[in-house]
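Asker: give me the fold of what follows.
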Amino acid sequence: MNHSNSRRTTAQGIFLVLAALGGQSILAGTIYVGACGTPNQPTIQKAVNASSPGGTVKVCPGTYPEQVTITHNLNLSGVASGAADSAVITSPVGGVQVNTADLYTPFPLPVAAQVLVQNASAVNISNITVDGSGNLIGGCAPDIRGIYYQNSSGTISEVVTRNQVLSAGLTGCQAGQGIFVQSSYSGAGYSSARANVAIQNSSVHSFQKNGITVDGPKAAGIVTNNYISGQGPTTGAAENGVQISDGAAASVTNNVIMDEIWAPDTFSDTGDAAAGILIYASENVLIQGNTVGTTQFGIATVSSATYGSTSVNPQGLADHTIIAFNQVLNTQLFDAIDVCSNDNAVTGNTVFNAAESGIHLDSTCGTTGLNNVVLNNTVNESCAGILEGAGGSSGLAVLNSFFNVINTTLTGNACTAPTPAAVAAGAAAVPLFHADSAGGGHPTAVR
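Answerer: Presented below is the predicted three-dimensional model:
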């Protein structure tokens with residue numbers, strides 16, 4: 001198989017499908033929410049219910065304490081009125097309530113979605129802020145999600161999601177998502193419907209677990225030109241700026257992603273790190289032109305070898321990922337680019353100040369770290385420019401530039417170097433960086 005052509009075809013296919021969704025014409029009339037136009041309704045939900053398929057709901061500036069469910073094709077957008085231009089959906093009095101469940105059938109986590117889109121083929125949302133403040137969730141469940149597309153397609157553009165953080169406090173709960181796109185899995189409740197969503201030009205911040213997630217075997221996403229910021233050092237959960245998982249197809253391009261740090265993590269803690277971009281058990285993903293800064297892992301691919309009735313995460317590969325022309329800056333604890341999968345292309349990236357390696361061809365996710373092309377990357381300041389995995393590199397690594405690195409290339413899954421005192425005493429090298437080979441330290445996917 002020509003993997004290069006396969007990757008290109010996949011990316012082009014996603015683009016064409018989603019571009020078509022964004023261009024659908026308005027088939028029905030317009031309803032306003034608020035007093036800035038007529039006909040109008042007092043709440044967003046009442047306007048949605050009154051709208052015809054293909055119609056438009058325009059939301060006047062103001063604050064709307066409600067949860068909204070959309071089950072037919074619709075354009076939902078905030079509009080300016082006079083000098084005001086801010087339509088904010090926030091938690092209703094009494095807090096957010098469960099209105100659906102996660103589609104991963106072995107663990108159907110209850111979900112309180114602030115904007116829930118179900119079983120629709122063209123729902124376009126723009127110029128809306130979704131604020132999770134005041135959600136009053138007292139434990140780890142339900143999972144609060146700002147905008148949640150279930151087996152649904154459309155575009156999300158120029159939106160803000162913020163404060164999807166559990167009111168119970170930052171207690172390590174793996175919950176609190178900004179934007180979540182998901183298709184159903186096989187088993188009870190399975191739907192053949194796809195979830196194809198373009199997420200663009202949006203601000204996603206102050207979430208507890210993930211900023212943007214595209215999940216499931218029939219899900220596809222174009223994630224482009226967004227600003228995604230975690231909370232910085234947090235005890236809430238191991239955050240991921242963007243997660244593509246469990247068979248989803250996606251391109252992640254030209255985003256700014258920063259501040260994903262699981263504060264309790266240490267060099268010896270191998271199971272719950274945060275990441276800027278995490279590709280978990282999904283193949284043929286394009287990651288290009290992003291700036292990722294001050295995260296524990298910068299960009300990571302993880303193949304999962306576990307599956308079963310008691311498994312939290314399904315089996316799947318994260319092979320054939322293209323990681324190209326990204327900037328990864330100032331990682332905390334771990335690698336700037338970690339490919340714990342096979343047959344990936346890592347080209348034209350720039351890494352500054354990586355806490356561990358610049359590029360890790362990681363062999364700790366089963367038989368991984370093999371047949372990768374590492375070409376024309378620049379690494380300035382790291383433990384190793386390229387960390388080759390336990391068996392050494394089996395792919396191609398050429399024309400890379402290294403500056404101020406302890407090792408240009410190093411075989412293994414751990415970076416070690418002698419301290420000045422050890423050198424003076426003639427002692428053996430001691431670890432200065434996290435040893436992935438001790439147990440396979442990787443970012444944590446949401447489940």
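Asker: low pLDDT regions in the stretch 51-200 of the chain?
Answerer: 169-171, 187-190 (pLDDT under 70).
Asker: packing partners for the strand or helix carrying residue 212?
Answerer: For residue 212, the element it lies in under DSSP states H and E is strand 210-215. Applying 3 or more CB pairs under 8 Å, 6 or more residues apart in numbering; DSSP states H and E, one finds that strand 210-215 contacts strand 177-182, strand 195-200, strand 203-207, strand 219-224, strand 227-234, strand 240-245. In short, each C-beta sits where N, CA and C put it, glycine included.
Asker: nearest to residue 124, out of those?
Answerer: Among these, the nearest to residue 124 by CB to CB is strand 195-200 (9.2 Å).
Asker: how far off centre is that closest one?
Answerer: The chain centroid and the centroid of strand 195-200 are separated by 13 Å under CA atoms, centre = their mean, to the nearest Å.
Asker: just checking, what packs against it?
Answerer: Checking 3+ CB pairs under 8 Å, 6+ apart, strand 195-200 ends up next to helix 3-22, strand 143-150, strand 154-157, strand 177-182, strand 210-215, strand 219-224.
Asker: sorry, back to before: and among the helices and strands packed on strand 210-215, the most buried is which?
Answerer: Most buried of the helices and strands packed on strand 210-215, by mean neighbour count (mean count of other CB atoms under 10 Å): strand 240-245, with a mean of 32.
Asker: and it, what's its mean pLDDT?
Answerer: Strand 240-245 carries an average pLDDT of 97.
Asker: cool, stretch 286-295 as well?
Answerer: 98.
Asker: neighbouring contacts of that stretch?
Answerer: 7, 11, 230, 232, 241, 250-261, 274-277, 279, 298-299, 321-332 (CB atoms under 8 Å, 6 or more residues apart in numbering).
Asker: break down the protein into its helices, ranges please.
Answerer: Taking DSSP state H, the helices of the chain run over residues 3-22, 44-50, 420-425.
Asker: can you tell me which of the contacts of stretch 286-295 are in strands?
Answerer: Among those, DSSP state E puts 230, 232, 241, 250-253, 256-261, 275-277, 279, 298-299, 322-324, 327-329 in strands.
Asker: narrow these to just the buried residues.
Answerer: 230, 241, 250-253, 256-261, 275-277, 279, 298-299, 322-324, 327-329 (16 or more other CB atoms under 10 Å).
Asker: tell me the contacts of the closest residue to residue 66 other than its chain neighbours?
Answerer: Of all residues not flanking residue 66 in the chain, residue 92 sits nearest, at 5.3 Å (CB to CB, 6 or more residues apart in numbering). Contacts for residue 92 (CB under 8 Å, 6+ apart) come out as 65, 66, 67.
Asker: and those residues, which are buried?
Answerer: Buried members of the contacts of residue 92, scored by 16+ other CB under 10 Å, are 66, 67.
Asker: count the neighbours of residue 297 for me.
Answerer: When neighbours are counted by other CB atoms under 10 Å, residue 297 registers 32.
Asker: let me see the contact set for the closest residue to it other than its chain neighbours.
Answerer: Nearest residue to residue 297 in three dimensions, chain neighbours excluded: residue 275, at 4.1 Å (CB to CB, 6+ apart). Residue 275 makes contact with 240, 241, 260, 295, 296, 297, 298, 299, 300, 443, according to CB under 8 Å, 6+ apart.
Asker: wait, what's in contact with the last one?
Answerer: By CB under 8 Å, 6+ apart, the contact list for residue 443 reads 238, 240, 273, 274, 275, 278, 280, 296, 297, 300, 302.
Asker: out of those, the closest to residue 83 would be?
Answerer: residue 240 (37.6 Å).
Asker: the closest one: what's it in contact with?
Answerer: Residues counted as contacts of residue 240 (CB under 8 Å, 6+ apart) are 209-211, 213, 260, 274-278, 443-446.
Asker: go on, residue 378?
Answerer: Contacts of residue 378 (CB under 8 Å, 6+ apart): 349, 350, 351, 400, 401, 402, 403.
Asker: what does residue 100 give?
Answerer: Per CB under 8 Å, 6+ apart, neighbours of residue 100: 110, 111, 113, 116, 118, 148, 150.
Asker: output the below-cut-off pLDDT ranges for the stretch 251-400 of the chain.
Answerer: Along the stretch 251-400 of the chain, segments meeting pLDDT under 70 span 267-271, 305-314, 393.
Asker: try it again with 90
Answerer: Across the stretch 251-400 of the chain, the ranges flagged by pLDDT under 90 are 262-273, 304-316, 333, 366, 390-395.
Asker: please, where are all the strands along it?
Answerer: Ranges of strands in the stretch 251-400 of the chain, per DSSP state E, counting those that start in this stretch, are 256-262, 275-280, 286-288, 291-295, 297-302, 322-324, 327-329, 337-340, 345-347, 350-352, 357-361, 373-375, 378-387, 396-398.
Asker: make a markdown table from these and add distance to residue 183 to it.
Answerer: Below are the strands of the stretch 251-400 of the chain laid out as a markdown table (distance: least, CB to CB, whole Å):
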| stretch | distance to residue 183 |
| --- | --- |
| strand 256-262 | 24 |
| strand 275-280 | 15 |
| strand 286-288 | 19 |
| strand 291-295 | 26 |
| strand 297-302 | 20 |
| strand 322-324 | 22 |
| strand 327-329 | 29 |
| strand 337-340 | 24 |
| strand 345-347 | 26 |
| strand 350-352 | 34 |
| strand 357-361 | 30 |
| strand 373-375 | 30 |
| strand 378-387 | 35 |
| strand 396-398 | 35 |
